[in-house]
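*Asks:* build the 3D model from these lines:
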Amino acid sequence: MSDSAWWADIIQWVVWGLAMTVIMGWLAKSRQKAGVDTGKVLQHPRSTLIIGLVCGGFFLALAVLSRLFPGKDGSIWISLFFLGFSLMGAVIIVEYVRVRHHLEPHGLRFQPLFRAPGTLLWRDVSSVRYSPSAKWFRIETRRGQVIRVSAMLTGLPAFAQAALQEISPPSMDSATRRILEETAAGRPPSLWE
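*Replies:* As a prediction, this is how the structure comes out:
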């Protein structure tokens with residue numbers, strides 16, 4: 001291996017790390033910008049739509065280009081592989097358009113990605129947990145209904161305040177309570193860690 005290849009690898013990883021830090025910082029900042037009635041509506045910020053469009057468009061372009069210019073080892077499987085990745089962008093776009101949660105006086109009206117909309121009352125919540133790996137709050141009712149509130153949504157401080165006031169303390173562990181308290185104070189969970 002030559003010295004130039006070694007330095008090229010280091011530069012590549014440093015550039016990737018810096019790019020991801022900037023993108024994740026932009027995503028985190030965009031969820032805190034005030035929008036129309038963000039205190040009562042939890043929704044994805046516009047940056048989610050932009051990421052979905054860029055991701056979907058990039059991989060769709062790669063799928064088309066790999067089909068039009070297959071090279072000597074080209075196959076339909078490569079194009080389908082890129083097409084599969086472009087579907088991830090489509091899911092992100094649908095998530096941006098569809099997922100909305102509305103805080104109400106005694107509960108939460110929610111619209112998940114793939115299921116029908118519903119309503120939960122705070123008094124029916126049996127547990128609330130924060131998943132650091134999935135970056136969402138998982139709320140379960142006594143009837144077994146599960147609602148997930150993404151840490152990427154705008155309006156999280158109002159959600160956290162309502163959850164702390166309305167959900168009984170034994171329904172959440174100490175780590176979740178600490179994260180809800182931080183979020184209620186305007187410091188939502190990190191999207192990067």
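
*Asks:* checking the residue sitting nearest the centre point of the chain next. Helix, strand or coil?
*Replies:* Nearest to the centroid of the C-alpha atoms of the chain, with distances taken as Cα atoms, centre = their mean, sits M152, at 4.5 Å. Classification of M152 by DSSP: H, G, I helix; E, B strand; the rest coil places it in coil.

*Asks:* what about the helices in this structure?
*Replies:* Here the chain has its helices, by DSSP state H, at 3-30, 46-68, 76-98, 156-166, 174-184.

*Asks:* now those in JSON lines, with mean neighbour count?
*Replies:* Where you see a C-beta, it was placed from the backbone N, CA and C, and this is true even at glycine. Shown next, in JSON lines, are these (neighbours: other Cβ atoms under 10 Å):
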{"stretch": "helix 3-30", "mean neighbour count": "11"}
{"stretch": "helix 46-68", "mean neighbour count": "16"}
{"stretch": "helix 76-98", "mean neighbour count": "15"}
{"stretch": "helix 156-166", "mean neighbour count": "19"}
{"stretch": "helix 174-184", "mean neighbour count": "16"}
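
*Asks:* among the ones you listed, which gets the worst mean confidence?
*Replies:* When the helices of the chain are compared on mean pLDDT, helix 3-30 scores lowest, with a mean of 75.

*Asks:* using CSV, lay out the helices of the chain together with distance to E140.
*Replies:* CSV is the format used below for these (distance: least, Cβ to Cβ, whole Å):
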stretch, distance to E140
helix 3-30, 27
helix 46-68, 25
helix 76-98, 21
helix 156-166, 13
helix 174-184, 12
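
*Asks:* can you tell me which of these comes nearest to Q145?
*Replies:* Closest of the helices of the chain to Q145 is helix 156-166, at 15.8 Å (criterion: Cβ to Cβ).

*Asks:* what's that closest one packed up against?
*Replies:* The helices and strands touching helix 156-166, judged by 3 or more Cβ pairs under 8 Å, 6 or more residues apart in numbering; DSSP states H and E, are strand 41-43, strand 100-104, helix 174-184.

*Asks:* make it 10 Å
*Replies:* Here helix 156-166 touches strand 41-43, strand 100-104, strand 107-111, strand 125-131, strand 136-141, strand 146-150, helix 174-184, going by 3 or more Cβ pairs under 10 Å, 6 or more residues apart in numbering; DSSP states H and E.

*Asks:* got the CA positions of it in PDB?
*Replies:* Output of helix 156-166 as PDB, limited to C-alpha atoms (Å, rounded to 0.1, in the frame of the first residue of the first chain):
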ATOM      1  CA  LEU A 156     -40.900  17.900  21.800                       C
ATOM      2  CA  PRO A 157     -40.600  20.300  24.800                       C
ATOM      3  CA  ALA A 158     -44.400  20.600  25.000                       C
ATOM      4  CA  PHE A 159     -44.800  16.800  24.700                       C
ATOM      5  CA  ALA A 160     -42.300  16.300  27.500                       C
ATOM      6  CA  GLN A 161     -44.000  18.800  29.800                       C
ATOM      7  CA  ALA A 162     -47.400  17.100  29.200                       C
ATOM      8  CA  ALA A 163     -45.900  13.600  29.800                       C
ATOM      9  CA  LEU A 164     -44.200  14.700  33.000                       C
ATOM     10  CA  GLN A 165     -47.400  16.300  34.300                       C
ATOM     11  CA  GLU A 166     -49.900  13.800  33.200                       C
END
